[in-house]
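Asker: Predicted model and sequence below, questions to follow.
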Amino acid sequence: MELFNPSEFASVKNVSKHIWEVADVLRKETHIHDYNVVLYLLSLLEEGELDVFGETLVPMATGQELIDRLRITKKGANLEVLKEYEYVLQAIHPQAWSRLLQVFFSIDRKFLSENYGEIYDEVLNILSNELARKQGSVTLPADLSRLMVKLSEVVPGSKVFNPFGGFASFGKELSKDVDYFGQETSRSIWALGYLRLKAYGKVDHVQFLNENPLENWPKHDQKFDLLISSPPFNLNLGGMFDVTQNFRNIENFILSMGTDVLVKGGKMLLLVPQRFLFSVSKEDQYSRMRIVDKGYLRKVISFPAGILPNTAAKFSLLELVYDESKGRSVIMMDTDQYIKRESRAKVRIDEMGLLEALKNESGSDIERVDLAEIRSSDYALEPGRYFIKQVEGERLDDICKFVKPVKADPSESLPYVTIADLKDNPYDQILRIDQLTVREAQTGYEKIDQSCILVAMRSSKLRPTYFEYKDQPIAVLRGSVAALQIIDDRR
């Protein structure tokens, strides 16, 4: 491994990339989970805790010497961070220690001090992308966290609650005159978030705890002006924690419990998976109905796939204000035109353009929708459906009704119908039973035992397909394929 050349100090990216090469030293020593010790050693370098080893570059026999010194100097949360990395420090071979120290001591300390926050973030970004690529974990892009903080319009002295705080992205973006309280369940992620707050000189102005929000939700007498969160998508809570026994997923938990911790007029900014906007589950439907009917919901901002690294997941940002007396309409926005794809792997949000469009409510992909219209659409919250121009015709529920499926016997073998089996051909709209796969009933599938029209519920097209019942029922996936029965005599 080559050490720095003086010219390399002109770029934070170059320095950060070179620091990350320390991970090459660790590949034979530790698991990828432990690569974040690089950021811990970088923070110790910035604090001067490694200086004692810099005079001679004599390798330590083990990391225990460093650990013993830090146990004396570190207190409180800093001691807890040390505990997170102790076993990694002890596992590094003496020869690897020598190489690690050489890299760190080759960094210009003045350059590091002047650019420490940026360097920390750049190395953290490399680490998080590596973890996302290899393990499928998802991190919050910097431009998205900045956008959410700007939308919060939080003022000095405000109290902010950030459950599932991750790498403390929101805590980093908020000003020091805001009272920030964050919680993060994962100890390793919490440690990196804590070190990040230290890198930006904010750790003394915030409270960022390693605890599970589901088990340590603030008491009713703790009130906040803002709740801001990017929780893990599709986290199933069924049976995981006693406090969540009435909730199946995390977004419904936060939407319900948020009422208890926000002051009147307090704001919530919550990222949710796209399926929440149209899910037919009773819990999701109830949550949407509640936030609409009480007038809490103020904005739904939908983002396309590709924003979150290493995933094709679409998601939306909900803005709620807990004041039942004001909300009479909701701003719906699709952000496609504000997403700049600079390369296949790099996507950027046009923050200024998006915020300006919201302020002026201008553009083809933004619409203010009355609550009455949302109610008439069965509380569906996908912005795109409200951009469709009015056309002449009749409402679908005036000429047909949903067929009520029956529960399939687990031991019953049935032909399975998926969206791919539905027709997209005006000259061929008949379902062919003999071309379907037959297997035993699975969870989530329901049985249809009458003639009907099948339509796709999760597709850009309805793909209407006629199923003629001849003593052979079929199975359809709940929420994916729906069955309609014509009730109008003009059919």
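Answerer: Received, thanks.

Asker: CA atoms for contacts and neighbours, from now on please.
Answerer: OK.

Asker: Partner strands of the longest strand seen in the chain and their direction?
Answerer: In the chain, with assignment by DSSP state E, the single longest strand is strand 262-273. Its sheet considered, strand 262-273 pairs with strand 224-229 (parallel), strand 315-321 (antiparallel) by DSSP bridges.

Asker: most packed of these?
Answerer: strand 224-229 (a mean of 24; mean count of other Cα atoms under 10 Å).

Asker: The lengthiest helix in the chain: what's the following helix or strand?
Answerer: In the chain, with assignment by DSSP state H, the single longest helix is helix 116-135. Next along the chain after helix 116-135, taking DSSP states H and E as the criterion, comes helix 142-152.

Asker: tell me the angle that following helix makes with helix 116-135.
Answerer: Between the axes of helix 142-152 and helix 116-135, defined by axes from the mean of the first three to the mean of the last three Cα atoms, to 10 degrees, the angle is 120 degrees.

Asker: How far off centre is helix 142-152?
Answerer: Distance of helix 142-152 from the chain centroid (Cα atoms, centre = their mean, to the nearest Å) equals 13 Å.

Asker: Buried ones in that helix, by neighbour count?
Answerer: 144-149, 152 (16 or more other Cα atoms under 10 Å).

Asker: Show me what that helix is packed up against.
Answerer: Here helix 142-152 is seen to pack against helix 169-173, strand 262-273, strand 347-349, helix 351-360 when contacts are counted using 3 or more Cα pairs under 8 Å, 6 or more residues apart in numbering; DSSP states H and E.

Asker: how about a cut-off of 6 Å?
Answerer: The helices and strands touching helix 142-152, judged by 3 or more Cα pairs under 6 Å, 6 or more residues apart in numbering; DSSP states H and E, number zero.

Asker: Dump that helix to PDB, keeping only the CA atoms.
Answerer: The C-alpha coordinates for helix 142-152 follow below in PDB (Å, rounded to 0.1, in the frame of the first residue of the first chain):
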ATOM      1  CA  ALA A 142     -27.400  13.000   2.000                       C
ATOM      2  CA  ASP A 143     -29.500  15.000  -0.400                       C
ATOM      3  CA  LEU A 144     -32.700  13.300   0.800                       C
ATOM      4  CA  SER A 145     -31.900  13.900   4.500                       C
ATOM      5  CA  ARG A 146     -31.100  17.600   3.600                       C
ATOM      6  CA  LEU A 147     -34.400  17.900   1.800                       C
ATOM      7  CA  MET A 148     -36.400  16.500   4.700                       C
ATOM      8  CA  VAL A 149     -34.700  18.900   7.200                       C
ATOM      9  CA  LYS A 150     -35.500  21.800   4.900                       C
ATOM     10  CA  LEU A 151     -39.100  20.700   4.600                       C
ATOM     11  CA  SER A 152     -39.300  20.500   8.400                       C
END
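
Asker: Parallel or antiparallel, which strands does the helix or strand following that helix pair with?
Answerer: Next helix or strand after helix 142-152 toward the C-terminus (DSSP H and E): strand 159-162. Strand 159-162 has its sheet partners listed here by DSSP bridges as strand 179-184 (parallel), strand 224-229 (parallel).

Asker: Strand 159-162 - what's its average pLDDT?
Answerer: Mean pLDDT, strand 159-162: 97.

Asker: now do stretch 464-480
Answerer: On average, stretch 464-480 scores 91.

Asker: Likewise for stretch 271-286?
Answerer: 91.

Asker: Least confident secondary structure element in the chain?
Answerer: helix 22-26 (a mean of 73; mean pLDDT, DSSP states H and E).

Asker: Can you give the distance from that one to the centre of its chain?
Answerer: On Cα atoms, centre = their mean, the centre of helix 22-26 falls 29 Å from that of its chain.

Asker: ok, back up a step: nearest to Gln95 among the strands paired with strand 159-162 would be which one?
Answerer: Ranking the strands paired with strand 159-162 by proximity to Gln95 (Cα to Cα) places strand 179-184 first, at 34.9 Å.
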